[in-house]
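*Asks:* Build me a model from this:
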Amino acid sequence: MELQAVKTDRLYVKVADQLTRLIVEGVFAVGGRLPSERDLADQLKVSRPTIREAMIALELSGIIEIRTGSGIYVRKKPARLELQDQGVGPFEILESRLLIETQVCGLAASRITSTQLAELEAVLVSMEQAQANCSSSEASDWEFHRLIAEATQNTALVSIVNWLWELRAESGLSQAFVARLEQQGIHPSISEHRMILDALRSGDSGMARQAMHDHLTRATEAAAHYFDEK
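*Replies:* Residues are numbered from 1 along each chain as shown. Prediction:
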């Protein structure tokens, strides 16, 4: 078996298409386990986040089953070879947010007002209440990060941060994956958001950047845990 290196704009779709063809051809048998995430990334010459996004697309199509702690297994041969583009993948969005929102938070720390700090506190309370009632806290999460962007007093940065969250909201792939994580009890961390707020309140830009960086890094790690194998 020889896999071809993938080079295209929406990589996860091309990766999913190639794996689908191999399943149809019987290279990967129904009921069998796919190679590890690391092996697939090495053979296809793409990042591991791209492999994860391809696996999400294949699972949503019913072609594979992701068994956390065990691996990824072929469920059935698909009726069609090409999968539909379901929007920007969740790991691409997380990577972009890590690069951008980390710096945004540092700038916000030097400009945030007492009124904005109070607004962030209120949103954090709403997030806590949503999780206590086992409901989605995604809207409060978005509002929290939007308010931080507004505290920079830079409308271009506000637009960029909002655009990243809009990408997540408009992406069928990202929304489906967020729903899967919520079903597994993975929600936005209240304690991490509290640390961000405390750093903003201190006015320390370095501390604020670090708090946001740590939060988004852990969010990425929590999402990646869905694909963990023994």
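
*Asks:* So what's the residue count around Q153?
*Replies:* Applying other Cβ atoms under 10 Å, we find 14 other residues in the vicinity of Q153. For every residue, glycine as well, the C-beta is placed using N, CA and C.

*Asks:* Assign the residue nearest to it when sequence neighbours are not counted to helix, strand or coil.
*Replies:* Computed as Cβ to Cβ, 6 or more residues apart in numbering, the closest residue to Q153 that is not its neighbour in sequence is R111, at 5.4 Å. Per DSSP: H, G, I helix; E, B strand; the rest coil, the local secondary structure of R111 is coil.

*Asks:* Show me what whichever strand or helix holds V123 is packed against.
*Replies:* Under the criterion of DSSP states H and E, V123 resides in helix 114-132. Other helices and strands packing on helix 114-132, by 3 or more Cβ pairs under 8 Å, 6 or more residues apart in numbering; DSSP states H and E, are helix 138-150, helix 190-202.

*Asks:* hey, which of these is tucked in deepest?
*Replies:* helix 138-150 (a mean of 20; mean count of other Cβ atoms under 10 Å).

*Asks:* Next, the buried residues of the helix holding V123.
*Replies:* Across helix 114-132, burial judged by 16 or more other Cβ atoms under 10 Å covers Q116, E119, L120, V123, L124, S126, M127, A130, Q131.

*Asks:* Identify, from these, the entry nearest to Q184.
*Replies:* Taking Cβ to Cβ as the measure, Q131 is the one of the buried residues of helix 114-132 closest to Q184, at 13.9 Å.

*Asks:* which stretches of the chain form helices?
*Replies:* With helices called from DSSP state H, the chain shows them at 11-24, 37-44, 48-60, 90-109, 114-132, 138-150, 155-170, 172-183, 190-202, 205-224.

*Asks:* Need the pLDDT of K7.
*Replies:* Per-residue pLDDT puts K7 at 50.

*Asks:* can you check L3 too?
*Replies:* 64.

*Asks:* domains of the chain?
*Replies:* As assigned by automatic domain parsing, the chain contains the domains 11-74, 90-227.

*Asks:* And these: which comes nearest L83?
*Replies:* domain 11-74 (4.9 Å).

*Asks:* Now do the closest one: distance from first to last residue.
*Replies:* 21 Å (Cα to Cα, to the nearest Å).

*Asks:* State the pLDDT value of S136.
*Replies:* Looking at S136, the pLDDT reads 71.

*Asks:* Distance of it relative to K76?
*Replies:* From S136 across to K76, the span is 30 Å (Cβ to Cβ, to the nearest Å).

*Asks:* Tell me the confidence at the most centrally placed residue in the chain?
*Replies:* Computing the C-alpha centroid of the chain and ranking residues by Cα atoms, centre = their mean puts P90 first, at 3.4 Å. For P90, the pLDDT comes out at 95.

*Asks:* Please apply the same query to S126.
*Replies:* pLDDT for S126: 93.

*Asks:* ok, it to E119 distance?
*Replies:* 11 Å.

*Asks:* List of residues touching stretch 139-157?
*Replies:* With contact meaning Cβ atoms under 8 Å, 6 or more residues apart in numbering, stretch 139-157 is reached by 100-101, 104-105, 107-108, 111-113, 116, 119-120, 123-124, 126-127, 130, 158, 160-162, 165, 169, 188, 193, 196, 200, 212.

*Asks:* Point out where the protein drops to low pLDDT.
*Replies:* Within the chain, the ranges that satisfy pLDDT under 70 run 1-9, 134, 230.

*Asks:* hmm, try it at 50
*Replies:* 8 (pLDDT under 50).

*Asks:* hang on, V46 packs against A16?
*Replies:* No. With contact defined as Cβ atoms under 8 Å, V46 does not count as touching A16 (11.3 Å).
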